[in-house]
Every structure is written in structure tokens, then in C-alpha cells.
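Undergrad: Dropping a prediction and its sequence here:
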Amino acid sequence: MARALETPDPLAVAIEPPQNETPAERWAREQREAHARRISEQIDEQIRAEKQAMKKRRQPMRLLLLGQSESGKSTTVKNFQLAYAYDAFLAERAAWRAVIHLNLIRSVNNIIEILWKEISANSSPTDAPARSYTPMTELHGALDADSDDESEEPEPSADPSSCPLTESHRELMLRLSPLRQVQRDLERSLGAASSEELPTSSGGAAPWSLGGGGWRTREFSVTSRSGWKGALGRIREVGRKSIDSTIGRYERRGSEASSPSPEGRVSSPAKTGGGRRSSVAARVSLPERAVEKMEDADIEDAAEVIASCAEDMSALWQDPAVRAVLSNRCMRPEEGPGFFLNDAARVAARGYQPSNDDVVRARLRTMGVQEHRIMFEKGSDAGSEWLIYDVGGARSLRNAWYPYFDNINAIIFLAPISCFDERLAEDRRVNRLQDSLLLWKAVCSTSLLAGVQLILFLNKCDLLEKKLSRGVRVVDYVPTYGSKPNDLESVTRYFRSQFKDISARHSPKPRVFYSFLTSVVVRLLLLSA
Ligand SMILES: Nc1nc2c(ncn2[C@@H]2O[C@H](COP(=O)(O)OP(=O)(O)OP(=O)(O)O)[C@@H](O)[C@H]2O)c(=O)[nH]1
Ligand SMILES: [Mg+2]
């Protein structure tokens, strides 16, 4: 033990300065030691930074998509999935078939509504169809921004000779009448998101900014795998049924719900049950199903009826007289969401499987907030995870946004700038562009988002370009536009400056303004930055 204490510490011996060290040697040694210390500290710092970065990388990037209804939020998510989570996209692709079918037949039914209205307006009171017409919410027509007139369709002249529709058009429409019931069945199957009706809202553009309703918990949250996709994902191969009996069921339902009486009149849904059926609609008579709940097999039934109507649907859309009626009423269904009539033959065909583009173009309203998890498989972000929150943009759904403002890294705000001449579906008094600007202002000024990066997508530039080239004048709806040229470049520059100005004036602290001109329906096409 005593020997051990007498032994010098080998470490101290190793680092002690050499004996007989001259001042110059000492200075050089100290320089060397200081340099080694600096290097060591640098290495420590580097290790610390790498650890931090790794920790950060494990934290998912949280991205929130905001914007009014039909601004393109869900379409943007589909684009992200296509680019970065293709396997997940593929897994869900087949489930979109029913949505696309619903989109297709909704266009057909809406057009038929207009045609009946045209016939009714040009008929004498005795042979006018006795029915009430549901408002068109999906077709985009011209609007007068300053007008308080709530009517959506210009009334045609009441001159019977001016009506281009003939008896053969009536027959075509009657043959397609089973699609009304198919629409109802698919809507029931797909749930509230597929309904055309939305509660009107008195909450303004940004209800959370009014206080009170903004502090709700995430009660509306649903994940991307729940809801209708889950239900449709369970669809299994069902035994093929007799096409005739399937069509017969729908013809019976359709005839009772809305097909014309033998005099060619259309009975209102309230008048179902009585009366004789037309020769077209009553080929097969089957007992009414007791249970109305849609099952997997019913979706297949709907697909069969749609397939049997494929030719008639194409004929309706290609018909010059039908186009003339739509055009007279300033109706452009082809510019509305979820328009598939140009592809009716393909989409309605038996065995149809949606393509990637079909899925991107399909329209299904988002209810509540959907969470999408994307794991980057390649590129500089490989291994990192993104959580994308896609919200329902209708005014009545915006209260659910506020809880998602917390702990978010970035927001993509979509403003559809082609909508400068359209009204909000939830509140017909409000111009859609005006609603987007109000919403943008509320988002910019929300203090909880003061440190969050906002990225603005001025979307639907493809539709804007079409509209402008048709001669729709921005100044007629946005008087402050003045006499500037009515071309894409000038219009987008003006709209962008409006959004930029709001960001600069209403952000609680300075933030960089990032904006892009986009047409997300054509693969998140960034037209310019
Ligand atoms: N032509 C064109 N259509 C677009 C564009 N972006 C979206 N759409 C279409 O507009 C419709 C509505 O788009 P969605 O992405 O469902 O809109 P959303 O913002 O999610 O709407 P909500 O879920 O109601 O809030 C879809 O049918 C899209 O295909 C675009 O840039 N150009
Ligand atoms: Mg959506």
C-alpha cells in the first residue's frame, strides 16, 4: 500500500511539462495545447449539432392545408401522396371508383334537371312537368357580383318554338331517370361528405377569430383511413347478379321517385308510390327492398346500372341541343368539380378501375379534419415524416380548424383565383374571391400563427385562363381592378398583390411572403413563384 502511494501518477507524469523547458518551448507547447483544445471543442459541438438534427428529423413535419371549400386542399394531398407515398395512393385508388361514379351521375342528373326546366318553361301549363327543381350547386354559371338576385340560372324565353329539345330528348332523359335513385344510394353509402347540401353558416369567413368557438378539442378528427374509404375498402368481389334485375330495381325506384307519368310529366318525390309508370321505366317490376341501407353489393348494383346507361350518358353530353340549352343558361358543367362526362364511356364501363388522374380529379368534400402521414422514401428528406392535415373548408366547418393551429410548422393556404365571378355555396351573398381574402386576412392576423410559415397557392390558374380567354372581365366583379389588361399575367399579378398586401398589413410580426400560381389538378403544377 505504502509502495503504491510512492509511485507517481502515470497520467500526471505524461502530461507534466518537460523539465528544463525554455520559455520559447513553453510558449510553443501552450500554443499546441490550446489548438488541440479548440479542435476537441469543435468536435464536441459537431456531435451535439448532429444529435439535435437527428432528434429534429424524428419529429414529424406538421403541415396544415387551409382554404375555402373547393379550393383544392384534398387535391394537393393527393398530389403529395402520388409523389411521395405512391404505395398508399395505390392502396386507396380502387376505393375512389364509387366517388367517381357519383361525380359522373351527379353531372348527368344536374343536366337533366336543367333540361326538364327548359321543357317546362317552354310548355303550355297543361303539359308542363309538375315538379319542383332542386337548386344546382355544382354547375358554375356567370354571376353578377353587385346583384342581390339569388336566382342561379337565367330564365330562358317562354317561346315554345325556341326550345331545341324534342321528343327523342325526353326519351333519352327518361331512360336515364334510374340514375336519380343510384345517386341517392351512392350518397347514402358514401356518407355526409358526398352530399351536395351544406348547412348555411352565419359564422363569417373565420369563425375562430370571433372568439368562443375556437377552443374546442379535436373532436372532429378522423384519420385518412377511416370513414368512407374504410367502408369501400371492404368491398369484395361479389357474385355477378342478373343485370336485368338490377336495372329493374333501379327503374322501379327511379320511376317512383322521379320519372314522368305516362303524360310525360315528372312526379315530385313527394308524390311517389301512386300512379302508373312510363313504358320506359317499368320494364321490370321487382318488390321494393325493405332495407335501404347500402351494402357492398349495392355499390356493384349501382355500377351495373351506370354501365347500362353509358351510351345514353355520352349521347346526352354530346348532343348539340343539350349543349345549346346549357350554353343559353351560361352553364359550364365541364368547369365544375368532379366532371367525368367527357370520359363517360370509359368510367361507366364494367370493370372500370380509376386511373391516377381520375382520382386526382374526383371530388369528395372533406368533413372535419383528416390526418395524412407521409414517410419520404427518397430525396434529401428521405426518412423524414410529414403529417398533413386536410380540413373541410366550408364556412360551417372552419370552427374545427383552430386546435390544429398549435404546434404546426407550415401552412399551405389555397385560394382559387378563378372564382372571382362566383358566389359561395354556403352564403350566396358572398363572392368566393372575397371569402378567400377574408380568410387569408384572418389566418395572417391569428397570433397563434405569428411564427408559422405561410405558403400561398393561388390555385385553379387553368380555369382562370379559360375564363379570361372567354372574355369574362375581372373589372365587372372586382371594380378596383380598373382598366388593367384582362390577361392572365396582369390578373394574377393584381390578385397576388392583394394577398401580399394583406399579409404585410395584418401579420402580427414581419413574415416572408411566399406565393405560387398553381393548377393542382394537373399534378401540383407550380406555374410561377
Ligand atoms: N381545373 C382545376 N380543378 C381543380 C384544381 N384544384 C382542384 N380542382 C378541382 O376542384 C374540386 C375541389 O377540390 P378539392 O381538393 O376537393 O377541394 P377542397 O379544398 O379539399 O374542398 P373541401 O374538402 O370542401 O374543403 C375537385 O374536383 C378538384 O379536382 C385546379 O387547379 N384546376
Ligand atoms: Mg377536401
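TA: Cool, got the structure. Ligands and ions are numbered 1, 2, ... in the order given.
Undergrad: right, and the helix or strand after the biggest helix by length in the chain?
TA: When the chain is scanned for its longest helix (criterion: DSSP state H), the result is helix 23-58. Going down the chain from helix 23-58, the next helix or strand is strand 61-67, by DSSP states H and E.
Undergrad: And that following strand, how far out from the chain middle?
TA: On the basis of CA atoms, centre = their mean, to the nearest Å, strand 61-67 is displaced by 14 Å from the centre of the chain it belongs to.
Undergrad: same deal with stretch 19-31?
TA: Once both centres are worked out by CA atoms, centre = their mean, stretch 19-31 turns out to sit 75 Å from its chain's centre.
Undergrad: do stretch 10-20 as well
TA: Centroid displacement of stretch 10-20 relative to its chain, using CA atoms, centre = their mean, is 75 Å.
Undergrad: likewise stretch 38-51?
TA: Distance, centroid of stretch 38-51 to centroid of chain: 47 Å (CA atoms, centre = their mean).
Undergrad: Over to stretch 83-98?
TA: Averaged over its C-alpha atoms, stretch 83-98 has a centre that lies 15 Å from its chain's centre (CA atoms, centre = their mean).
Undergrad: First residue to last residue on it, what's the distance there?
TA: 24 Å (CA to CA, to the nearest Å).
Undergrad: same thing with stretch 364-375?
TA: With CA to CA as the measure, the first residue of stretch 364-375 is 24 Å from its last.
Undergrad: Please apply the same query to stretch 416-435.
TA: One end of stretch 416-435 to the other measures 10 Å (CA to CA).
Undergrad: please renumber so the chain begins at 13
TA: Noted, 13 is the first residue going forward, which turns the last one into stretch 428-447.
Undergrad: Now it: average pLDDT?
TA: pLDDT averaged over stretch 428-447 equals 94, rounded to a whole number.
Undergrad: Can you confirm whether that stretch lies near ligand 2?
TA: No - under the criterion of CB under 5 Å from the ion, ligand 2 is not reached by stretch 428-447; the shortest gap measures 12.3 Å. (Each C-beta comes from the backbone N, C-alpha and C, glycine too.)
Undergrad: Against ligand 1, how distant is the residue most central in space within the chain?
TA: For the chain, Ser86 is the residue whose C-alpha lies nearest the centre (CA atoms, centre = their mean; 3.9 Å). Applying CB to the nearest ligand atom, to the nearest Å, one obtains 3 Å for the distance of Ser86 from ligand 1.
Undergrad: Val403 is in contact with that residue, correct?
TA: No - no contact is recorded between Ser86 and Val403 when judged using CB atoms under 8 Å, the distance being 9.6 Å.
Undergrad: what do the two both touch?
TA: Shared contacts of Ser86 and Val403, defined by CB atoms under 8 Å, 6 or more residues apart in numbering, are found at 378, 382.
Undergrad: Against Pro520, how distant is Arg38?
TA: Note on Arg38: its distance to Pro520, by CB to CB, to the nearest Å, is 59 Å.
Undergrad: cool, and Ala217?
TA: The spacing between Ala217 and Pro520, counted by CB to CB, is 19 Å.
Undergrad: Looking at the two, which is more packed in?
TA: Between Ala217 and Pro520, counted using other CB atoms under 10 Å, the more crowded position is Ala217 (22 against 13).
Undergrad: Now do the same contact list for Leu475.
TA: For Leu475, the set of contacting residues under the criterion of CB under 8 Å, 6+ apart consists of 347, 428, 430, 531.
Undergrad: what does Leu177 give?
TA: Listed by CB under 8 Å, 6+ apart, the contact set of Leu177 reads 127, 130-131, 333-334, 337.
Undergrad: Residue numbers of the chain in contact with ligand 1?
TA: When proximity is defined by CB under 6 Å from any ligand atom, the chain lies next to ligand 1 at 79, 81-87, 349-350, 373, 375, 377-378, 404-406, 471-472, 474-475, 531-533.
Undergrad: Among these, name the ones in strands.
TA: Filtering the residues of the chain next to ligand 1 for membership in strands, criterion DSSP state E, returns 79, 471, 531.
Undergrad: quick check, nearest of the residues you listed to ligand 1?
TA: The shortest approach to ligand 1 among those belongs to Ser531, at 3.9 Å (CB to the nearest ligand atom).
Undergrad: ok, for the closest one, nearest residue in space, not its chain neighbours?
TA: If the residues on either side of it in the chain are set aside, Ser531 comes closest to Asp474, at 4.1 Å by CB to CB, 6 or more residues apart in numbering.
Undergrad: That neighbour: neighbouring residues, count only.
TA: In terms of burial, Asp474 registers 17 neighbours under the definition other CB under 10 Å.
Undergrad: Do I have it right that it meets Val532?
TA: No - applying CB under 8 Å as the test, Asp474 and Val532 come out as separate, 9.7 Å apart.
Undergrad: Stretch 386-402 close to ligand 2?
TA: No - figure legend: stretch 386-402 not in contact with ligand 2 (CB under 5 Å from the ion); closest approach 5.7 Å.
Undergrad: returning to that earlier point: top of the contacts of Leu177 by neighbour count?
TA: When neighbours are counted by other CB under 10 Å, Glu130 leads the contacts of Leu177 with 24 neighbours.
Undergrad: so whichever strand or helix holds Asp447 versus strand 73-79, what angle?
TA: Taking DSSP H and E as the definition, one finds Asp447 inside helix 444-457. Taking axes from the mean of the first three to the mean of the last three CA atoms, to 10 degrees, helix 444-457 and strand 73-79 form an angle of 140 degrees between their directions.
Undergrad: name the helices or strands packed onto helix 444-457?
TA: When contacts are defined as 3 or more CB pairs under 8 Å, 6 or more residues apart in numbering; DSSP states H and E, helix 444-457 packs onto strand 73-79, strand 422-428, strand 465-471, helix 500-518.
Undergrad: Direction included, what does the third one pair against?
TA: This means strand 465-471. Within its sheet, strand 465-471 is paired with strand 422-428 (parallel), strand 526-531 (parallel), according to DSSP bridges.
Undergrad: gap between the shortest one and the chain center?
TA: Using CA atoms, centre = their mean, the mean C-alpha position of strand 526-531 is found 17 Å from that of the whole chain.
Undergrad: my guess is Ile429 contacts Leu468, does it?
TA: No - assessed by CB under 8 Å, Ile429 is found out of contact with Leu468, at 10.4 Å.
Undergrad: And the strands in the chain?
TA: Residue ranges of the strands in the chain, as given by DSSP E, are 73-79, 233-235, 381-387, 397-403, 422-428, 465-471, 526-531, 537-540.
Undergrad: separation between Ser430 and Leu470?
TA: Look at Ser430 and Leu470: by CB to CB, they are 10 Å apart.
Undergrad: And for Arg192?
TA: 38 Å.
Undergrad: got it, and Ala61?
TA: 38 Å.
Undergrad: Which one of those two is surrounded by more residues?
TA: Counted by other CB under 10 Å, Ala61 and Leu470 do not tie: Leu470 has more neighbours, with 23 against 10.
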